[in-house]
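Novice: Make a model of this:
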Amino acid sequence: QVQLLESGGGLVQAGGSLRLSCAASGRTPGSYTMGWFRQAPGKEREFVAAVTGSGITTYYADSVKGRFTISRDNAKVTVILQMNSLKPEDTAVYYCAAKTSLGPATTASSFGSWGQGTRVTVSS
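Specialist: So this is what the prediction gives:
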């Protein structure tokens, strides 16, 4: 089992930036594909970005491509989501997750360990 703890959320104006961090602990956290998902009020949880255990391959939702960057530091067992050019529609609770089963790295059902979430609010 992997334990995840997110930090870095907050309130920012449109066009601004935020950096989310996810600290992982537990059973070999550095080997998992890690992802970020988000859930806006009244909407379903949606995929944002993912990075493989090696850090070489990354995946992004079309809505954040070119604005968000996911990276990982396996020495510190940390996954970072750098969010630039933020828009009001990016407002959501952001969750870090570890992929624990077969399936696409862009699908929530492939991820079995989740953090408690960190709130991001982008004002217009």
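Novice: switch to C-alpha atoms for all contacts and neighbour counts from now on
Specialist: Noted.
Novice: Could you give the bridge partners of residue 96?
Specialist: Using DSSP bridges, the beta-bridge partners of residue 96 come out as residue 36.
Novice: residues in contact with it?
Specialist: Taking CA atoms under 8 Å, 6 or more residues apart in numbering as the criterion, residue 96 is in contact with 4, 5, 6, 22, 34, 35, 36, 37, 114, 115, 117.
Novice: separation between the most centrally placed residue in the chain and residue 78?
Specialist: By CA atoms, centre = their mean, the chain has its centre lying nearest to residue 36, at 2.0 Å. Going from residue 36 to residue 78 by CA to CA, to the nearest Å gives 12 Å.
Novice: for residue 92, same thing?
Specialist: Applying CA to CA, the value for residue 92 to residue 78 is 21 Å.
Novice: Repeat that for residue 38.
Specialist: Residue 38 is 18 Å from residue 78, by CA to CA.
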